[in-house]
Structure formats: C-alpha cells, structure tokens
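>>> Would you be able to build a 3D model of this:
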Amino acid sequence: MKFAQSVFFIVLIILFAAFLIYQIKLDRIQPEVEVAEMEFVEDSIHYEPPRLLYGLPADSFKVIEGTIKRNEFLGEILTKYQVTDQQIHNLSIKSKDVFDVRKLEARKKYTLLCTRDSLPRAEYFIYEPNPVDYVVYTLKDPINVSYNQKKIDTVNTFVAGVIETSLWETMTEAGADPILIHSLSEVFAWQVDFYRIQKGDRFKVLYEQLYVDDEEAGIGKISGAYFNHFGEDYYAVYFDQGNGISYFDEKGQSLQKQFLRSPLQYTRISSRYTRRRYHPVLKRYKAHLGTDYAAPTGTPIRTVGDGIVEEARYSQYNGRYVKIRHNSVYTTQYLHMSRYGKGIKEGTKVKQGQIIGYVGSTGLANGPHLCFRFWKNGQQVDALRVKLPPSEPVAEEKIGEYTVAMNQILQELDSISFRDGQDSLTAYSIQ
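Take a look at the predicted model:
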C-alpha cells in the first residue's frame, strides 16, 4: 500500500515537472510569434495620398459645391462663410487683371473649400467659366487669384453621313457635337451653300474630341473634311503654315476667299463702328453698328465679295440699300444709296468688285455717304476689325510638307464608310 502511494506521488511529480517545462518553452516561443505578427501588420499598412481638388488638398477642408444663381454676386456667397467685406473688396481689386468677379455667370459651377469648424470659413473659392478652365480665388492672406486649366485629353474621331432631311439632324443623330456643325459650315463656307443642302448630300469629318475628367468638353480642330454637294466633291485639309488656322484643297489652294478691304475707292471713313455715337440727325447717343464712308453722290459702290442679293429696297432709316449674303457665315449691307446698280434686285448673283449701287443720302442721313455693315454668323461686327482666315495658297517652300499631310488626311477620309459614320462616332489614329 505504501509502495503504491509512493509510485503515485512520483508519477504526479514527473507530470508536474513536465508541465512546467512545457510552459517555460511556450513562454519563450510566444514573443517570437507576436513580433512576427507585428511585423506583418506594419508591412500591410497602406498610406493613401491626399485627395487633390483643383490642385488643393481637399481632405483638409469641408467641400461645398454649388452653381451661381441668377443675379447672385460673389459677396453674397462668401459672406455666408465668414468672409469679411474687406476681404471681398480686396479680392475684387486683385481679380480684375485675372478674372473679374463681376463676370460670374448664372448656372456656372463653383466650389468652396472651407475649414472644418462648427462655423465653416471659406479659404478658397473656385469658379468654372467652362468645362476646361477654372479660377482659384485664395481668400486667406495673402489674397490671390489664378487662372488655370484642367488636363485636356484629345481623341481623334470622325463622323460621316448621308443627308436625308438636314445637316443638323444627320450630324446630331450620329452623335456629333452641335459646335462641330457650326465649325464645318465655316470650313466650307465658300464652297457649300448650307442654305441649299439637299437630300443625298454627304459628308465626312475628321476632328478632335476633347475630354476633361473623362467627360466630353467640346471639340478641337477639324483635321480634314469631305463634302459632296450637288454631285460635286469638296475636300478640306487643315494646315498651319505659320500664319494661323487655314484649310486647303487637294491643290493647296485656300478654301477662304478674300474680301475687298473697302466697298468704295478713293474715300475716307467719317464714322466707325461703335456702341455709343452721337447721331447727327437724331441728336442723341445710340449704337452705330456700321462703318461710314464719306464720298460724293454718285460714287460707285462695289460688293466686297461674291454672293446673292437678299434685299434691294427702300426703308425709312436705311434709304435705298442692298443686302448681300456671301455664304452661310458672312453677310454685308450697303445703305443710303442714291440708286441701284444695273440689274441689282433680290436673288441676283453678284461677283466681287461688281457695282451694286451709288453713294447717296437717302433715309436718315445728313449728307452723302455709305454706311457699310458686316455680319458674321448672324451677329453684326466691326468690318474693320473682323478677323478672317488667310486666303493665300500653301507657300512654295511648304508644298512638300503639305503634300505629306494632305495624302494622309485624304487616305483617312477615303477609308471611312458612310454606314459606319452614321452608326456611331469611331476613334481613328493619325500618326
């Protein structure tokens, strides 16, 4: 009995010793495991860079977005966010040479970056006049204003189609930007009568589609275009030979026809285009949207370009006048005539330099002169200041360079299927 008890105690002591040895080993191993786990956690830490908005660290601010309301001023917006009248005044002065705060337009987007206080204080005001440009007004000292541009991505694309009803419907159904329609009409202004587009006319246009933040932001230049009008083919190739945007045909001739500098010879300008002129007859200030050429009664008046007579009649203020549509872009008008040129009436086709009438003083005039008016895209502009594309052909020393560019564009145009063009806008590549 005593022997059995002794054996039992010996076994119990051995087991207890074994347990202590195991525990000691476990304690030694455990720190190594914890260190390994800590090292794993540290290696897995991912540091996110701060989110930038208009080049500013947006994570540091409360971001408030909105649109300018009708008749809303910048001061009305900023005073809600703890900006003082003095700061607003200083900002308006600082901004005049960059982007005047008085030019903020209704429905345009703005963004405020404010402090995260219980009463947020605006530190930056950002205004977007269009999808590409933005103006940053720094409201904290030192006050600053900067005009910036977002990153613009350009994708070369095309649209093509056969006209069933109108150019507008055909191009918009193909997904083209309405601005492209206007641009195309300017490229072919002298070759295609866009007032007489007919069913069966067809077109192809290679152009740049602009993207900002993966969203469409307008179009860039038209690289090349084709138009078949009344069965005749017309090509346009963009080429800059150092004097501005120009379009040329397959022979290197400019698509732009030049206007005469003046509708009269040997004359002087007596009054210029102005929004405020003292009228010599009415005796009050009013807009004068034309250029007056003083000349003796009977001096011949020439049309400054080819076109069709839209009006040839008499009115109380204009007297005898002639209005000529040169193309879908340009129109001119000649007022106060004493009489019309031979055969001049509505619908008459005229050639550049042709006599369309003679100087007089009919209508509201206090002496013999010609009032010459000029329209571009339906808006009256100053004939002496309007910028027209250059009309010179490709320079002799540039012919080789132009030929390479032209052949590439024509090859791209010829490869476009009208069916594909009507289905969708498709990217293309010009190396």
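>>> By residue count, what's the longest strand in the chain?
In the chain, with assignment by DSSP state E, the single longest strand is strand 215-229.
>>> Pairing partners for it, with directions?
Here strand 215-229 has these sheet partners by DSSP bridges: strand 202-212 (antiparallel), strand 232-238 (antiparallel).
>>> Can I get it in CSV, CA atoms only?
The C-alpha coordinates for strand 215-229 follow below in CSV (Å, rounded to 0.1, in the frame of the first residue of the first chain):
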residue,chain,number,x,y,z
GLU,A,215,-16.2,63.7,-69.9
GLU,A,216,-16.7,65.4,-73.2
ALA,A,217,-15.5,69.0,-73.1
GLY,A,218,-16.0,70.3,-76.7
ILE,A,219,-14.1,69.8,-79.9
GLY,A,220,-10.7,70.8,-81.0
LYS,A,221,-9.7,71.4,-84.6
ILE,A,222,-11.2,69.8,-87.7
SER,A,223,-8.2,67.9,-89.2
GLY,A,224,-9.9,67.2,-92.5
ALA,A,225,-13.3,67.0,-94.2
TYR,A,226,-15.1,65.9,-97.3
PHE,A,227,-18.5,67.2,-98.6
ASN,A,228,-20.4,66.1,-101.7
HIS,A,229,-22.8,68.9,-102.6
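>>> oh, and call the first residue 316 from now on, that's how I've got it
Sure thing, new numbering starts at 316, so read that last one as strand 530-544.
>>> Out of the strands paired with strand 530-544, which one sits most buried?
For these, average neighbour numbers computed from mean count of other C-beta atoms under 10 Å are highest in strand 517-527, which has a mean of 21. All C-beta atoms are positioned from the backbone trio N, CA, C, and that covers glycine.
>>> can you pull the buried residues of stretch 534-547?
Neighbour-count burial for stretch 534-547, with 16 or more other C-beta atoms under 10 Å as criterion, is recorded at 534, 537-544.
>>> taking the mean pLDDT, what do you get for it?
Over the span of stretch 534-547, the pLDDT mean works out to 92.
>>> again, but for stretch 402-410
Averaged across stretch 402-410, the pLDDT comes to 89.
>>> Can you add distance to Ile714 and give the buried residues of stretch 534-547 back as TSV?
Written out in TSV, the entries for the buried residues of stretch 534-547 read as follows (distance: C-beta to C-beta, whole Å):
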residue	distance to Ile714
Ile534	29
Ile537	22
Ser538	19
Gly539	18
Ala540	21
Tyr541	22
Phe542	24
Asn543	26
His544	27
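>>> Using JSON lines, lay out the strands paired with strand 530-544 together with distance to Lys424.
Formatted as JSON lines, the entries for the strands paired with strand 530-544 read as follows, by distance: least, C-beta to C-beta, whole Å:
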{"stretch": "strand 517-527", "distance to Lys424": "12"}
{"stretch": "strand 547-553", "distance to Lys424": "32"}
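>>> quick one, which of the ones you listed is nearest to Asp374?
Asp374 lies closest, by C-beta to C-beta, to one member of those: strand 517-527, at 22.3 Å.
>>> does Asp412 sit in a helix, a strand or a coil?
Here Asp412 takes the coil state, with states given by DSSP: H, G, I helix; E, B strand; the rest coil.
>>> Now do the same contact list for the spatially most central residue of the chain.
With distances taken as C-alpha atoms, centre = their mean, Gly533 lies nearest the centre of the chain, 5.7 Å away. Contact partners of Gly533, counting by C-beta atoms under 8 Å, 6 or more residues apart in numbering, are 446-447, 492, 494, 525.
>>> Give the PyMOL command for selecting the buried subset of the residues you listed.
The buried residues among those can be selected in PyMOL (16+ other C-beta under 10 Å) with this line:
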select buried, resi 446+492+525
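>>> Could you pick out which of the contacts of Gly533 are located in helices?
Per DSSP state H, helices hold the following members of the contacts of Gly533: Ile494.
>>> Redo the contacts of Gly533 as JSON lines? Include pLDDT.
Supplementary listing: those in JSON lines, determined by pLDDT from 0 to 100:
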{"residue": "Pro446", "pLDDT": "85"}
{"residue": "Val447", "pLDDT": "87"}
{"residue": "Asp492", "pLDDT": "84"}
{"residue": "Ile494", "pLDDT": "87"}
{"residue": "Leu525", "pLDDT": "90"}
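>>> And the contacts of Gly533, which is closest to Arg628?
Ile494 (35.2 Å).
>>> From what I see, the closest one and Ile534 are in contact.
Yes: with the criterion set as C-beta atoms under 8 Å, Ile494 and Ile534 qualify as a contacting pair; they are 5.7 Å apart.
>>> thinking again about what came up before, wait, which of the contacts of Gly533 is closest to Pro683?
Relative to Pro683, the closest of the contacts of Gly533 is Ile494; by C-beta to C-beta it sits at 43.7 Å.
>>> Run through the residues that contact that closest one.
Counted by C-beta under 8 Å, 6+ apart, Ile494 has contacts 533-534.
>>> Ok, Arg417 next?
Applying C-beta under 8 Å, 6+ apart, we find Arg417 in contact with Ser407.
>>> pLDDT score for it?
As predicted, Arg417 sits at a pLDDT of 83.
>>> next one: phi and psi at it?
Dihedral angles phi and psi of Arg417 (degrees, to the nearest 10) take the values phi -80, psi -10.
>>> Equivalent analysis for Gln723, please.
Gln723 adopts backbone torsions of phi -70, psi -40, taken as degrees, to the nearest 10.
>>> Is Tyr462 in a helix, a strand, or coil?
Of the three states, Tyr462 takes strand according to three-state DSSP.
>>> Please list all residues in contact with Gly658.
Under the contact definition (C-beta under 8 Å, 6+ apart), no residues are listed for Gly658.
>>> Helix or strand: which one has it?
With elements delineated by DSSP states H and E, Gly658 resides in a region that no helix or strand encompasses.
>>> Roughly how far does it sit from Tyr510?
From Gly658 across to Tyr510, the span is 22 Å (C-beta to C-beta, to the nearest Å).
>>> separation between Gln580 and Gly668?
Computed as C-beta to C-beta, the Gln580 to Gly668 distance reads 10 Å.
>>> so what sits against both of those two?
Counting by C-beta under 8 Å, 6+ apart, the residues touching both Gln580 and Gly668 are Arg617.
>>> coming back round to it: kindly indicate which of the contacts of Gly533 lies nearest Glu625.
Set against Glu625, the nearest of the contacts of Gly533 by C-beta to C-beta is Ile494 (26.2 Å).
>>> so how far is Lys455 from that closest one?
The gap separating Ile494 from Lys455 is 39 Å, by C-beta to C-beta.
>>> For my notes, confirm Val450 occurs in a strand.
Yes: secondary structure of Val450 (three-state DSSP): part of a strand.
>>> Just give me the neighbour total for it.
As a burial measure, the neighbour count of Val450 was computed by other C-beta atoms under 10 Å and equals 22.
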